[in-house]
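1. got a sequence here, can you build the structure:
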Amino acid sequence: MKNISDFKTDLEFGEFAEETIGRYFKEGSFELKRDRVLHETGRVYIEYKSRGKKSGIAQDEVQPVWIYMCKDLSFGLLMSADRLRETIRRFKKECESGLIDEPCTWNKEGGDEDSSKGALINVSDLARIMLEIANEKAT
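-> Just a heads-up that it's a prediction; the model follows:
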């Protein structure tokens, strides 16, 4: 890949991201999730159903950006909700194909009285799949 870096280009590139992300925060266009055990397990639970109804990332009205934070708020993942949905669909296929080992799964019960369903996914798999999709979209 050819290096096209120069100060002006890099500055504009960074400022565009700052403005875009700043708009999400200013407008409140994000979902903030906090996980009590992410720092221990390296896994996140992305809910898509609760009490038999679509919830979490499966809801049509979900905010465009998801921020997933660990318990002490020192680490987080900022993700496009659309890309996260696509990632969970691909993760489901990998689980069904036997490519992902337990305890991670696309169909894990959780929440209050195990009334929810969600994807329990290693952060490394989440990042891998999201980056694979980003690479596919870039080409």
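2. rest of the way, CA atoms for contacts and neighbours
-> OK.
3. sketch out the low-pLDDT regions of this structure for me.
-> For the chain, applying pLDDT under 70 flags the ranges 1-4.
4. next one: Leu99 relative to Tyr45, how far apart?
-> 18 Å (CA to CA, to the nearest Å).
5. got it, and Asp35?
-> According to CA to CA, Asp35 and Tyr45 sit 8 Å apart.
6. of those two, which one has the most company?
-> Applying other CA atoms under 10 Å to Asp35 and Tyr45 shows that Tyr45 carries more neighbours, namely 23 against 16.
7. in a strand, that one, correct?
-> Yes - counting by DSSP: H, G, I helix; E, B strand; the rest coil, Tyr45 falls inside a strand.
8. show the contacting residues for it.
-> By CA atoms under 8 Å, 6 or more residues apart in numbering, the contact set of Tyr45 is 118-121.
9. could you identify the longest helix within this structure?
-> When every helix of the chain is counted residue by residue (DSSP state H), the longest turns out to be helix 7-27.
10. ranges for the strands of this protein?
-> When assigned using DSSP state E, the strands of the chain occupy the ranges 30-35, 43-50, 53-54, 65-70, 76-80, 105-110, 116-122.
11. any chance of the ones you listed in a markdown table, with distance to Ile21 too?
-> As requested, the strands of the chain are exported to a markdown table (distance: least, CA to CA, whole Å):
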| stretch | distance to Ile21 |
| --- | --- |
| strand 30-35 | 10 |
| strand 43-50 | 22 |
| strand 53-54 | 27 |
| strand 65-70 | 9 |
| strand 76-80 | 10 |
| strand 105-110 | 29 |
| strand 116-122 | 25 |
